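Novice: Predicted coordinates and the sequence they were generated for:
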Amino acid sequence: MTERFPSTVTLQGVSRAFGRTFALHRADLELRSRSITALIGDNGAGKSTLLNILATIDEPTSGTITYGEISRRNFARRARHRIGWVSHQALLYDELTARENLRFYAGMYGLKDIDHRAASWLDRVGLNDAADRMVRNFSRGMKQRLTIARALIHNPQLLLFDEPATGLDQQGNRFLIDLLNELRDRGRIVVLVSHDFELISSLADRVVVLRRGQIALEAATDGDFNLLEAYGEYA
């Protein structure tokens, strides 16, 4: 595997079934670098299933996924560390401080500049004053800021965000928008799941509407695209 991260992730006919029920059915999709793709749809539409498959957590029942020219199996085995994942679970250790959490994850990824990276991200997400406090005493918004730092500390190239604005105040939302725009401009592949249409309108280059496990619409957000109308018609 080369050091250069693939500029696309391609899904062809990807399905995920549980018995006779499809959580995702024959999805065809190409995710590109320097682009933010928003996944929208009602609860149970298949958004989280698609993210889990992209994160190599779940295996598709059928279909193929390639990361550039790398198969899903090889990518999962050799390059999962190139994924940054913000899910509904914070994946933080409440009995550790914010700094200790980031140092732990930096060490887990084999990074050499652990202290610098932890300090840099604590500053970046506005947690300097709380760096040495136990996470169990954090507010929901503070935990979300730390979760974002945890997901990005290893400089991943495929970024998966499931409701990343949860718990954030107005200042936190502004930080999140600026951060995701920066990551896109730095050539990352960004996938965003959110029910916050204002956030999506501020960020997304493309919108994918999922309905009952199927892709009902894929559209660029330029021109006359209307997010509310697209949701109402296709979700």
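Specialist: Perfect, thanks for sending it.
Novice: Which of the residues in the lengthiest helix in the chain are classified as buried?
Specialist: Longest helix of the chain, by residue count under DSSP state H: helix 170-185. Buried residues in helix 170-185, counted by 16 or more other CB atoms under 10 Å: Gly172, Asn173, Phe175, Leu176, Leu179, Leu180, Leu183, Arg184. All C-beta atoms are positioned from the backbone trio N, CA, C, and that covers glycine.
Novice: Over to stretch 137-144?
Specialist: Buried, per 16+ other CB under 10 Å, within stretch 137-144: Phe138, Gly141, Met142, Lys143, Gln144.
Novice: now stretch 70-86
Specialist: Residues of stretch 70-86 classed as buried: Ile70, Arg72, Phe75, Ala76, Ala79, Arg82, Ile83, Gly84, Trp85, Val86 (neighbour count, 16+ other CB under 10 Å).
Novice: Sort out which of the residues you listed are in helices and list them.
Specialist: Arg72, Phe75, Ala76.
Novice: of the residues you listed, closest to Asn43?
Specialist: Nearest to Asn43 among those, counting by CB to CB, is Arg72 at 26.3 Å.
Novice: Not counting its neighbours along the chain, what's nearest the closest one?
Specialist: Ile65 (4.2 Å; CB to CB, 6 or more residues apart in numbering).
Novice: isn't the one you found right up against Arg16?
Specialist: No - under the criterion of CB atoms under 8 Å, Ile65 is not in contact with Arg16, lying 11.3 Å apart.
Novice: can I get the buried residues of helix 170-185 in CSV with distance to Phe22 and pLDDT?
Specialist: What follows is these, written out as CSV (distance: CB to CB, whole Å; pLDDT from 0 to 100):
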residue, distance to Phe22, pLDDT
Gly172, 36, 95
Asn173, 34, 95
Phe175, 37, 95
Leu176, 32, 96
Leu179, 34, 97
Leu180, 30, 97
Leu183, 32, 97
Arg184, 31, 97
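Novice: Adding distance to Pro156, write the residues you listed out as CSV.
Specialist: Formatted as CSV, the buried residues of helix 170-185 follow (distance: CB to CB, whole Å):
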residue, distance to Pro156
Gly172, 21
Asn173, 22
Phe175, 18
Leu176, 16
Leu179, 13
Leu180, 13
Leu183, 9
Arg184, 14
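Novice: got the contact list for the spatially most central residue of the chain?
Specialist: With distances taken as CA atoms, centre = their mean, Leu160 lies nearest the centre of the chain, 1.3 Å away. Under the criterion of CB atoms under 8 Å, 6 or more residues apart in numbering, the neighbours of Leu160 are Leu51, Leu54, Ala55, Ile83, Gly84, Trp85, Val86, Ser87, Val191.
Novice: Please name every helix or strand in contact with the helix or strand harbouring Tyr231.
Specialist: Using DSSP states H and E, Tyr231 falls within helix 227-234. The criterion is 3 or more CB pairs under 8 Å, 6 or more residues apart in numbering; DSSP states H and E, and the helices and strands that helix 227-234 contacts are helix 197-203, strand 206-211, strand 214-220.
Novice: Tell me which of those is the most buried.
Specialist: strand 206-211 (a mean of 22; mean count of other CB atoms under 10 Å).
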